[in-house]
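1. any chance you can model this:
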Amino acid sequence: MKFFEFTNATFQWYVNVYLEDYGDIISPINNNQWLREEVTPLKMRLIDSFKDLSVWKGETPFLDVLSWYTDITTGDDEPKKGVTKIISKKVKDVLEKFRLPDCRFYPLVIESKDLKIINKDYFLFHMKAEKSTTVGDDIIDYQKCTFEEVTQDIEGNKSVVNIFPEGTIKTSKDMYAKKDTLGTYIFKYRDKELLRKNKVRFQNKVYKHNYDVLWGYSEVLYVSEEVVKALNSVGVTNANFYEIKENIIRPFEYEQMKNDGII
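-> Okay, here's the model as predicted:
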């Protein structure tokens with residue numbers, strides 16, 4: 001039930017594809033397609049976002065998790081659809097031991113012209129997603145979920161004022177429509193008091209799949225506690241894990257909890 005956001009640490013080094021390869025890599029991902037095998041291994045370049053090599057104090061910039069580089073002035077961009085993550089073979093080897101959705105690991109060749117190094121020990125992890133990756137009806141079993149209405153006082157302290165039990169919200173559209181029925185609170189901004197709507201959030205978030213890696217968003221994966229332990233045990237670098245507030249419940253856990261009278 002414990003799941004974590006698997007994110008990249010803030011870092012000096014990023015990667016991106018060469019502009020001439022955007023049509024073979026970025027465009028298909030944005031169109032929710034798998035990449036063609038003949039375009040692999042994908043060629044990417046290591047980018048020093050600080051533009052100052054002397055700032056870097058680490059042993060190597062080739063850490064286990066790297067981020068996409070985005071800069072509108074140079075035309076660099078990252079994929080806007082699906083979920084992707086740039087990972088080392090070490091991370092790939094760990095993830096492959098767990099239950100994964102339909103996904104691809106595309107081999108990468110990363111070149112650092114500054115350091116005059118070419119590294120072939122990386123992969124682009126890719127999961128397709130037709131809709132929103134965190135609230136889509138194809139991913140979340142809404143009729144089994146429970147929700148909370150959350151308000152806050154003028155000091156910013158949050159509290160739950162209402163619970164929506166199973167079956168109350170049946171689809172993602174129902175969840176968004178529910179926002180129109182929520183209460184309000186006073187939000188203080190500088191010398192002004194503004195009226196704001198309460199928020200609705202998941203309490204028990206029941207997925208339709210029994211995977212250990214779930215769809216997050218952009219470069220963020222949702223991974224089980226077991227995956228986090230396995231990644232930490234091999235000393236994965238440049239990774240952060242933040243526990244997700246709502247209960248993430250997979251079908252087998254839902255049935256167990258129902259049988260035990262927990263939900």
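
2. so how far is Lys120 from Glu37?
-> Distance of Glu37 to Lys120, given as CB to CB, to the nearest Å: 17 Å. (C-beta placed from N, C-alpha, C; glycine too.)

3. more neighbours: which of these two?
-> Set Glu37 next to Lys120 and count neighbours by other CB atoms under 10 Å: Lys120 wins out with 11 against 8.

4. quick check: mean pLDDT across stretch 145-161?
-> Taken as a whole, stretch 145-161 carries a mean pLDDT of 94.

5. please disregard the earlier target; I meant stretch 39-51.
-> pLDDT averaged over stretch 39-51 gives 94.

6. do the same with stretch 234-243
-> In the prediction, stretch 234-243 has an average pLDDT of 96.

7. buried stuff in it?
-> By neighbour count on 16 or more other CB atoms under 10 Å, the buried set for stretch 234-243 is Val236, Thr237, Asn238, Ala239, Phe241.

8. do the same with stretch 162-182
-> Residues of stretch 162-182 classed as buried by neighbour count (16+ other CB under 10 Å): Phe164, Ile169, Ser172, Met175, Leu182.

9. so how far is the first residue of that stretch from its last?
-> Using CA to CA, to the nearest Å, one end of stretch 162-182 lies 9 Å from the other.

10. equivalent analysis for stretch 194-214, please.
-> Length of stretch 194-214, first residue to last, CA to CA: 37 Å.

11. quick one: buried residues of that stretch?
-> Residues 198, 200, 202-207, 209, 211-214 are the ones in stretch 194-214 that count as buried (16+ other CB under 10 Å).

12. and if you look at stretch 220-229?
-> Residues of stretch 220-229 classed as buried: Val220, Leu221, Tyr222, Val223, Ser224, Val227, Val228 (neighbour count, 16+ other CB under 10 Å).

13. and the third one, bridged to which residues?
-> Translated: Tyr222. When bridges are called by DSSP bridges, Tyr222 pairs up with Glu5, Leu214.

14. these two touch, right, it and Val83?
-> No - using CB atoms under 8 Å, Tyr222 is not in contact with Val83, being 9.2 Å away.

15. which neighbours do those two share?
-> Common neighbours of Tyr222 and Val83, counting by CB atoms under 8 Å, 6 or more residues apart in numbering, are Trp215, Gly216.

16. so Pro34: helix, strand or coil?
-> Quick fix: residue 34 is Trp, not Pro. When classified by DSSP: H, G, I helix; E, B strand; the rest coil, Trp34 comes out as coil.

17. so for it, what pLDDT did the model give?
-> Note for Trp34: predicted pLDDT of 97.

18. and it, how many neighbours?
-> By other CB under 10 Å, 14 other residues sit near Trp34.

19. ranges for the helices of the chain?
-> 26-30, 89-95, 172-178, 225-233, 251-259 (DSSP state H).

20. not counting sequence-adjacent ones, nearest residue to Glu96?
-> Spatial nearest neighbour of Glu96, excluding adjacent residues (CB to CB, 6 or more residues apart in numbering): Phe105 at 7.9 Å.

21. touching, the one you found and Leu124? I think so.
-> Yes - under the criterion of CB under 8 Å, Phe105 lies in contact with Leu124, with a separation of 7.4 Å.

22. dump the residue contacts of Asp212.
-> By CB under 8 Å, 6+ apart, the contact list for Asp212 reads Phe98, Arg99, Leu100, Val223, Ser224, Glu226, Val227.

23. repeat the analysis, applying 10 Å as the threshold.
-> The contact partners of Asp212, taken as CB atoms under 10 Å, 6 or more residues apart in numbering, are 3, 95, 97-101, 222-227, 230, 250.

24. would you mind measuring from the residue lying closest to it once chain neighbours are set aside to Ser233?
-> Nearest non-adjacent residue to Asp212, counting by CB to CB, 6+ apart: Phe98, 3.8 Å away. Taking CB to CB as the criterion, Phe98 is separated from Ser233 by 13 Å.
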